[in-house]
Every structure is written in C-alpha cells, then in structure tokens.
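Colleague: Starting from these lines, generate the structure:
(one chain, ligands or ions: 1)
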Amino acid sequence: LDKGLIVSFGEMLIDFVPTQSGVSLAESPGFLKAPGGAPANVAIAVTRLGGRAAFVGKLGDDEFGHMLAGILRENGVEDKGINFDKGARTALAFVTLRADGDREFMFYRNPSADMLLRPDELNLELIRSAKVFHYGSISLITEPCRSAHLKAMEVAKEAGALLSYDPNLREPLWSSPEEARTQIMSIWDKAEIIKLLLVTLGEKGCRYYTKGFHGSVEAFDVNAVDTTGAGDSFIGAFLSQIVDDQTVIEEEERLRKVLRFANACGAITTTKKGAIPALPSECDALSLLKD
Ligand code: ADP
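Modeller: Below is the predicted model of the structure:
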C-alpha cells in the first residue's frame, strides 16, 4: 500500500559544530559539519521510519547545497521540490557550545539561498499531492520566501492536506507551566481551525490539547547526550503515524499511543550526537517501546 506523502517546507543548512565545548568555533581544535534545518530534519525523520516525505525549499548552487540535496536523496526524501539558487549561497550556522550545555548560533544568511525561494519556482504538482504539509517559522520572516511559503500552504490546503506548524516557541518565553497553559489556551480560543496542539517538554514528555480533551504523555528515561533534533524527530514520528488515518487525532486513546511512539523517537534522538544521524528507524523505536 502506498503511504501518504508528507511535504516539509523551509530551510536546510549546515551547522559547523566545534568538537570542544566552552570555546568559540575558531578556538576549537576541530569542528564537525552537521546537516540540519528543522524542516529537513522532519522530512528525514519520516523516511527513516519508513514513511514518504518530500522537502520543498531552496539551496545554494554550491558544494554545500549539493551536499545537502545528496543527504536528502540518500535518506529517501523526494527531491522534486528542491531548487538551487544561481547567485546566493547555502545557509550556514556557526555554533558555539557553551560550557553550560546551551548552544549559540551565528548565521550566514545575508541572504542565503533558502530565503530567495520564489512562488513561481514551487513544484505545485508535488505540493498538491501532499497528505500533510509541514512548515516552520523562519521562511515566514522575509520576502520572497514568505510569499512562496504562503502560496505553498494555500495550495496544499486547497488540495486537502492537513497543515502542521512548528512555531518553535521555547520554554524561556514562559515563566511557568501554568503560564504556558494560559498562553496556549488563549491561542486555542482564537484559533477555531486548530484541531490539535502539541507541546513538547524535553525530558518531561509532551502535552496535547484538542477541543474535546487534553492531557500529557510521559517521556522515556534515556541517557541523553545531545538533544539536537529531538523535537524534529518527535514531529516526524507523529506525522508518519497519522498521515494515513488522520482520525487518530480525534480519539484520545489512539492519539496517546501515537504520542508515546513520538516520545520514544524523540528520546532515541537525544542518545546520539547530531540530529540526522540520531533519528531512529521504526525498529529502534519499537524496541524502546517494548522495554
Ligand atoms: P526540541 O528539540 O524542539 O527542544 P524537546 O526537547 O521538547 O524538543 O524534545 C522533543 C521530545 O523528545 C520530547 O517531547 C521528548 O519526548 C523527547 N525528549 C527530549 N529530550 C529528552 C530527554 N532528555 N529524555 C527523554 N526524552 C526526551
């Protein structure tokens, strides 16, 4: 049976990560090139689990852009929605690992190719075939990729796709879980069309809110070494489980089962360094669920 296509829209870039923490990239004895960008991670999270995904976005027509497109293809992500910009370079992020474990980023984005995707470059046929259309926030910030983003969203929605949005709001924005709850409920009240809201809470698992019910699902107890990509892994896992039967969202017991699976995938992703290399296969996820 052919699985439904998940189209993930947005940026893909390379993180340059120092091998030593507490120093800048320039002071580190070495560095790693880590492919990333949340929408690209989500697409690979889906294919690693055996689902179908396409990435829609723009890369530079340079060594980094072709390297990233190659990584998507190697991972079985459909590449018919990828454009290469002749002039601008691929987005890059230079990372500092602070001694307290947090990351600081310096971006090459002035402008990078991902920001230059135009509406007329979109592969509309591909977008129309999506069962789920997933996107983040960065592509909404500047033109012309903002217009491309809005058009892609519109086309996907008209074709009947479920829209999935990761605003990437971070905990520091909220002073407490109660404040978060209040904020979420106020977004909720204004947004008639939202069917399901998920909040991931790292080692505390996740919460879910629908019109009819809400609750939380505990995380798995794992030895976390690098949480990069955990949220993207969670999203990819969730989407891969609901793409072919979206009624799952409406039934709490079935939804909780899918969220347990997504928590398992998020947890596994924290047990290895990097985002993409740490994304689990279905087999990895099932063996954690069995324990
Ligand atoms: P993000 O990567 O966007 O910050 P989170 O850190 O909330 O997202 O992680 C997403 C999911 O991954 C969580 O809901 C949880 O299921 C899992 N996860 C993340 N960190 C841990 C951890 N330290 N231990 C167990 N599971 C984790």
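Colleague: Pull up the gap between V42 and the ligand, please.
Modeller: 11 Å (Cβ to the nearest ligand atom, to the nearest Å). The C-beta positions use only the backbone N, C-alpha and C, and glycine is treated the same way.
Colleague: tell me the contacts of that residue?
Modeller: Listed by Cβ atoms under 8 Å, 6 or more residues apart in numbering, the contact set of V42 reads I6, S8, A53, H134, D166, D232, I235, G236, L239.
Colleague: pLDDT-wise, what's the bottom of the residues you listed?
Modeller: Checking pLDDT across these, the minimum falls on D166 at 93.
Colleague: Which phi and psi values does it adopt?
Modeller: When read as degrees, to the nearest 10, the backbone of D166 gives phi -110, psi 100.
Colleague: Does it touch F238 like I think?
Modeller: No - D166 lies out of contact with F238 (Cβ atoms under 8 Å); the separation is 10.7 Å.
Colleague: thinking again about what came up before, what is the nearest of the contacts of V42 to M185?
Modeller: D166 (19.3 Å; Cβ to Cβ).
Colleague: For that closest one, which non-adjacent residue is spatially closest?
Modeller: Distance criterion Cβ to Cβ, 6 or more residues apart in numbering; nearest residue to D166, sequence neighbours excluded, is G136 at 5.1 Å.
Colleague: and if you look at G205?
Modeller: Using Cβ to Cβ, 6+ apart, the nearest residue to G205 is A219, at 3.9 Å.
Colleague: just to revisit the earlier point, neighbour-wise, give me the winner out of the contacts of V42.
Modeller: Highest neighbour count within the contacts of V42: S8, with 35 neighbours (other Cβ atoms under 10 Å).
Colleague: who's in contact with the helix or strand hosting it?
Modeller: Using DSSP states H and E, S8 maps to strand 5-9. Here strand 5-9 makes contact (Cβ under 8 Å, 6+ apart) with 39-40, 42-43, 46, 51-57, 78, 81, 126-127, 129-135, 139, 149, 152-153, 156, 161, 236, 239-240, 243.
Colleague: What of stretch 280-291?
Modeller: So stretch 280-291 is contacted by 48-50, 220, 222, 233, 237, 260-261, 264-265, 267-269 (Cβ under 8 Å, 6+ apart).
Colleague: repeat that with 6 Å
Modeller: Outside stretch 280-291, the residues that touch it by Cβ atoms under 6 Å, 6 or more residues apart in numbering are R48, L49, G50, F220, A264, C265, I268.
Colleague: which bits of the stretch 151-291 of the chain sit near the ligand?
Modeller: The stretch 151-291 of the chain comes close to the ligand at residues 200-203, 205-206, 219-220, 222, 224, 227, 230-231, 234, 263, 266-267, 270, as judged by Cβ under 6 Å from any ligand atom.
Colleague: Let's see that with 5 Å instead.
Modeller: 200, 202-203, 206, 219, 224, 227, 230-231, 234, 263, 266-267, 270 (Cβ under 5 Å from any ligand atom).
Colleague: of those, buried ones?
Modeller: The neighbour-count test (16 or more other Cβ atoms under 10 Å) applied to these identifies T200, C206, A219, T227, A230, G231, F234, N263, G266, A267, T270 as buried.
Colleague: Could you point out which residue ranges in the stretch 51-200 of the chain have low pLDDT?
Modeller: Across the stretch 51-200 of the chain, the ranges flagged by pLDDT under 70 are 170-175, 177, 187-188, 190-191.
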